[in-house]
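Asks: structure here, sequence nowhere to be found:
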């Protein structure tokens, strides 16, 4: 299989699965990516310090940047599967640029020629953090910060949704106040607010106690 050097135009024989091939005539390096189509990259949104902040202090021995190849149109992987957690992971879209070796510091994962389509290859950045105690690696998406294979919001906290939070605040603060104001005729808005907020705070706790007692009685 031949790859044309983008610097001098010479045809170079591709005989290995290496990500780069060096021109024998002008010395320039070309990225091997399916041997047809264009090469792109997603610019990382997270740097090394950002990744380190995702882990507890001192728990990470090293952090390295890797570029995994995907199809530019479908974002399906075009590399031989090296990690189980990457099996069904599809990276998010991001700031796409034409491949520039100056922007692609780190290690490039070789493509699988049998998986590459006519559109070329898109290289997506991933950070691999090596645990100081176990020496196991954790993959972190360099754009979204997600950990492939881990459930979304695995820290137990839900993502912030402004509309959901606004509705929750309305139900907690406004709805009980209106109920008290209309049920207890003649009560002032101030005392309706106080009683409404109190009921909104105490009602869930009271309900929890009642349901837990019923469970014990059974």
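Replies: Structure received. Since we're looking at a predicted model, the values are computed, not measured.
Asks: okay, now the domains of the chain?
Replies: Domain assignment for the chain by automatic domain parsing gives 1-32, 37-141, 162-217.
Asks: contact partners for residue 52?
Replies: Residue 52 makes contact with 60, 63, 129, according to CB atoms under 8 Å, 6 or more residues apart in numbering. For every residue, glycine as well, the C-beta is placed using N, CA and C.
Asks: give me the buried entries from those.
Replies: For the contacts of residue 52, a burial check counting by 16 or more other CB atoms under 10 Å picks out 60, 63, 129.
Asks: ok, back up a step: in strands, which of the contacts of residue 52 appear?
Replies: 60, 63, 129 (DSSP state E).
Asks: okay if I get those as JSON lines plus distance to residue 89 and pLDDT?
Replies: What follows is the ones in strands among the contacts of residue 52, written out as JSON lines (distance: CB to CB, whole Å; pLDDT from 0 to 100):
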{"residue": "60", "distance to residue 89": "21", "pLDDT": "95"}
{"residue": "63", "distance to residue 89": "19", "pLDDT": "96"}
{"residue": "129", "distance to residue 89": "16", "pLDDT": "95"}
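Asks: low-confidence ranges in the chain?
Replies: 1-6, 10-25, 27-37, 81-82, 151-187, 189-218 (pLDDT under 70).
Asks: what segments of it are strands?
Replies: Under the criterion DSSP E, the chain contains strands at 2-4, 11-13, 20-22, 29-31, 38-42, 60-70, 96-98, 107-108, 120-131, 137-141.
Asks: quickly compare these and say which is most buried.
Replies: Of all the strands of the chain, strand 120-131 carries the top mean neighbour count, a mean of 22, counting by mean count of other CB atoms under 10 Å.
Asks: mind giving me the packing neighbours of that one?
Replies: strand 38-42, helix 48-52, strand 60-70, strand 137-141 (3 or more CB pairs under 8 Å, 6 or more residues apart in numbering; DSSP states H and E).
Asks: now the second one: buried residues?
Replies: Along helix 48-52, these residues count as buried under the neighbour rule (16+ other CB under 10 Å): 51-52.
Asks: ditto for stretch 51-59
Replies: Neighbour counts over stretch 51-59 (16+ other CB under 10 Å) mark 51-52, 54 as buried.
Asks: now do the same end-to-end measure for it.
Replies: 12 Å (CA to CA, to the nearest Å).
Asks: right, and residue 89 touches residue 149 too?
Replies: Yes: assessed by CB atoms under 8 Å, residue 89 is found in contact with residue 149 at 7.1 Å.
Asks: neighbour-wise, which of those two wins?
Replies: Set residue 89 next to residue 149 and count neighbours by other CB atoms under 10 Å: residue 89 wins out with 18 against 15.
Asks: for the protein, which segments count as helices?
Replies: 48-52, 162-183, 189-217 (DSSP state H).
Asks: hang on, the earlier thing: so which of the contacts of residue 52 is the closest to residue 8?
Replies: Nearest to residue 8 among the contacts of residue 52, counting by CB to CB, is residue 63 at 36.7 Å.
Asks: now do the closest one against residue 116, distance only.
Replies: The gap separating residue 63 from residue 116 is 29 Å, by CB to CB, to the nearest Å.
Asks: and residue 88, by the same measure?
Replies: Residue 88 is 19 Å from residue 116, by CB to CB.
Asks: again, but for residue 110
Replies: With distances taken as CB to CB, residue 110 is found 11 Å from residue 116.
Asks: need the residues touching each of the two.
Replies: Joint contacts of residue 110 and residue 116 (CB under 8 Å, 6+ apart) are residue 69.
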